[in-house]
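Q: Mind looking at a prediction? Sequence and model below.
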2 protein chains.
Amino acid sequence: MHNFEALFDYVQRLSGKTLSADDKQILIAHFKPKKIRKRQYFLQEGDVCKYTGFIVKGAAKTFTVDEKGHEHILKLSIEDWWLADFESFYKLTPSRFNIEALEDMEILQITHNLVEEFIKPIPAFSAMQNVLSQNNTIAAQKRMQSSISLTGEERFQELVNDYPHFIQRFPQNLIASYLGLTPETLSRIRKNALK
Amino acid sequence: MHNFEALFDYVQRLSGKTLSADDKQILIAHFKPKKIRKRQYFLQEGDVCKYTGFIVKGAAKTFTVDEKGHEHILKLSIEDWWLADFESFYKLTPSRFNIEALEDMEILQITHNLVEEFIKPIPAFSAMQNVLSQNNTIAAQKRMQSSISLTGEERFQELVNDYPHFIQRFPQNLIASYLGLTPETLSRIRKNALK
DNA sequence: AAAATAGATTGATCTTTATCAAGCGTATTT
DNA sequence: AAATACGCTTGATAAAGATCAATCTATTTT
C-alpha cells in the first residue's frame, strides 16, 4: 500500500473530496504498481498506449523523432502527473510519441476500460478528473499562446517563472527541446540574459 | 426554439445519447440566445468571461494584443464550437484575451454556475463534455507538437489538410497570426509552395 | 460615385534561430 | 584508471522569419 498514499492525497487534494476506505480499496485493486528504470520506455512510437500511469516517483519525457533524427519534447512529466499519450490512450490508435524514463520511476498504471468501469464511479475521482481537465485546458492554452506570440528568450523566462523546479531538475538540452529551441540557441539565450 | 436544434444535434452527436423532451426544456430554459454583430466583442481583455457561448451561426477570433499593438490569434471559432476564455470562465478571473465576432453571430450563452447546477446533470450533456474534453486535449497536443517541431510552411500545410474550410473562410492575415507568422511571411510561404 | 478601409503582395533589410563543427568538463561505464 | 558518453559552450555560417515601407486591388462605408 506504500505508494498508493501519493495517489490518494492527489485525488483528494484536486477533487476537494474524501476517499472512503472502500474507494481506496477499489483504487488499490485496479491500479498496478510498476517500476520503470531510467532510459526504459513506457511507450514506443507505433504502439498503442494501453495504460496511463500516475507518477509516484521519477520523471519522463514524451517526444517525437523527426526525419532528421531530432527529438522534439512535447512533455516533461514528474511526480503527481499522469503519463500517457492521451490520443492513443483514448482512441486506442498507434501513438506517434515515445515516452521514456529520465530517472528511475514508480508509477501506478491502469487501462482506459478499467478507469471507465471501476474508477470513474468514485465521486472523488471523477471530480478530480474534471478539475484536471480544466487545469490542462488552461495550461495548454497558455503554452500555445506563448508559443505563437513570444520569442525563445521570453518563453524561457516564462518557464523559469512558472516551473522553476523544471529548470533545476532537467538538463538544459531537454528544456530547449521542450521550448522548441536547439540546445545551442538556449545556451546563447541564457548567456545574453546575464547582461 | 429554432436555433436550439443545432445545440441538441451537437450534444446528441458528440455524446451518442438522446436528449429527452425534459432535457431539451432544461437547455432552452437556461441557455440564452444572443446575437453579436460583426466586429462586436464577446469578451474584452480585463473583463471576466462570465459566459460560454455555443456558436449556432458565425465566427470569432480569440486574441491578445502585445506591447507593440500586434494581435496574436489563439483561436478561430466557428459553428458548433464553444466560445470562451476557459481560464477566465472556470476561475472567474480577469481575462488576458479578447474575443471578437468576425461575422454576424448567433450564439446560445450560459454561465458556469448554471451549467454546473442545471445542465451537467443531463446525462447526454455531461457525456458530451467528456468527449469534448478528450477532443480538446488531443487537438491541443497536436497543435503544440506542430508548433515546437514544424516550420511555418509545414504548419500551414497541416492546417490546409486538417481544416481546409478555415483557409477558405478566413482572410490570410488571420490564418498567419493563428500559425504564429506575420502576414508577409505567410504570403511568401504560399508563393514558394506554388513551385 | 467618391472616399476610406481591409487585405494581399513585393522588396530591402534586420533579427532570431538552426546548423555544423569543435572543444571542454564531468559523470558513468568498463 | 582509462575510456566513453553526455551535456554545455562557442564560433562561423545559413536559413527562417520579422520589420518597415510601398503599392495594388477589392470591398465597404459614407
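A: Alright, I've got the coordinates.
Q: From here on, just use CA atoms for contacts and neighbour counts.
A: Fine.
Q: Show me what the helix or strand harbouring A:Ala6 is packed against.
A: Applying DSSP states H and E as the criterion places A:Ala6 in helix A:4-15. With contacts defined as 3 or more C-alpha pairs under 8 Å, 6 or more residues apart in numbering or on different chains; DSSP states H and E, helix A:4-15 has these neighbours: strand A:51-57, helix A:123-149.
Q: list the buried ones in that helix?
A: Across helix A:4-15, burial judged by 16 or more other C-alpha atoms under 10 Å in any protein chain shown covers A:Phe4, A:Ala6, A:Leu7, A:Phe8, A:Tyr10, A:Val11, A:Gln12, A:Leu14, A:Ser15.
Q: Same check on stretch A:128-136?
A: Residues A:Met128, A:Gln129, A:Asn130, A:Val131, A:Leu132, A:Ser133, A:Gln134, A:Asn136 are the ones in stretch A:128-136 that count as buried (16+ other C-alpha under 10 Å).
Q: State the distance from the third one to A:Ala6.
A: Relative to A:Ala6, A:Asn130 is positioned 19 Å away (C-alpha to C-alpha, to the nearest Å).
Q: Would you mind giving the helices and strands packed on helix A:4-15 as a markdown table with distance to DNA strand D and mean pLDDT added?
A: Below are those laid out as a markdown table (distance: least, C-alpha to the nearest atom of the strand, whole Å; pLDDT from 0 to 100):
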| stretch | distance to DNA strand D | mean pLDDT |
| --- | --- | --- |
| strand A:51-57 | 19 | 97 |
| helix A:123-149 | 8 | 96 |
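Q: want to try a markdown table for those, with distance to chain B as columns?
A: Shown next, in a markdown table, are the helices and strands packed on helix A:4-15 (distance: least, C-alpha to the nearest C-alpha, whole Å):
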| stretch | distance to chain B |
| --- | --- |
| strand A:51-57 | 14 |
| helix A:123-149 | 4 |
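Q: which bits of chain A sit near DNA strand C?
A: Contact residues (C-alpha under 7 Å from any atom of the strand) of chain A with DNA strand C: A:Thr151, A:Gly152, A:Glu153, A:Gly180, A:Leu181, A:Thr182, A:Glu184, A:Thr185.
Q: Tell me if I'm right that the third one and A:Ser187 touch.
A: So that's A:Glu153. No - A:Glu153 lies out of contact with A:Ser187 (C-alpha atoms under 8 Å); the separation is 10.5 Å.
Q: Just the pLDDT for the residue nearest the centre of chain A.
A: Closest residue to the average C-alpha location of chain A: A:Ser77 at 3.6 Å, with C-alpha atoms, centre = their mean. Looking at A:Ser77, its pLDDT stands at 97.
Q: Could you give the bridge partners of it?
A: For A:Ser77, the beta-bridge partners under DSSP bridges are A:Ala60.
Q: In terms of helices and strands, where is A:Glu67?
A: Per DSSP H and E, there is no helix or strand for A:Glu67.
Q: tally of neighbours for it?
A: 7 (other C-alpha atoms under 10 Å in any protein chain shown).
Q: distance of it from DNA strand C?
A: Distance check for A:Glu67 against DNA strand C: by C-alpha to the nearest atom of the strand, to the nearest Å, it reads 10 Å.
Q: same question, A:Ile78
A: Applying C-alpha to the nearest atom of the strand, the value for A:Ile78 to DNA strand C is 18 Å.
Q: Can you tell me how far the spatially closest residue to that residue that is not a sequence neighbour is from B:Gly53?
A: Nearest non-adjacent residue to A:Ile78, counting by C-alpha to C-alpha, 6 or more residues apart in numbering or on different chains: A:Ala59, 4.4 Å away. Distance, A:Ala59 to B:Gly53, using C-alpha to C-alpha: 39 Å.
Q: just checking, the residue nearest to the centre of chain A touches A:Phe63?
A: No - using C-alpha under 8 Å, A:Ser77 is not in contact with A:Phe63, being 11.4 Å away.
Q: give the contact list for A:Arg190.
A: A:Glu153 (C-alpha atoms under 8 Å, 6 or more residues apart in numbering or on different chains).
Q: what residues does chain A put near chain B?
A: Within chain A, the positions adjacent to chain B are A:72, A:74, A:86-87, A:90, A:133-134, A:136-138, A:140-141, A:143-145, A:147-149, A:177-181 by C-alpha under 8 Å from any C-alpha of the partner chain.
Q: and the gap between A:Gly152 and DNA strand D?
A: According to C-alpha to the nearest atom of the strand, A:Gly152 and DNA strand D sit 11 Å apart.
Q: Just the pLDDT at that residue, thanks.
A: For A:Gly152, the model assigns a pLDDT of 95.
Q: quick one: it and A:Leu181 touch, right?
A: Yes - the pair A:Gly152 / A:Leu181 is scored as a contact, 7.0 Å apart, by C-alpha under 8 Å.
Q: Looking at A:Glu153 and A:Ser187, which has the bigger crowd around it?
A: The neighbour comparison of A:Glu153 against A:Ser187 (other C-alpha under 10 Å) goes to A:Glu153, with 18 against 14.
Q: Report how many residues lie close to the closest residue to the more buried one other than its chain neighbours.
A: In space, and not counting its chain neighbours, A:Glu153 is closest to A:Ile189: 6.0 Å by C-alpha to C-alpha, 6+ apart. A:Ile189: 16 surrounding residues under other C-alpha under 10 Å.
Q: Could you confirm A:Ile189 falls within a helix?
A: Yes - assigned with DSSP: H, G, I helix; E, B strand; the rest coil, A:Ile189 falls within a helix.
Q: For it, give its distance to DNA strand D.
A: Applying C-alpha to the nearest atom of the strand, the value for A:Ile189 to DNA strand D is 9 Å.
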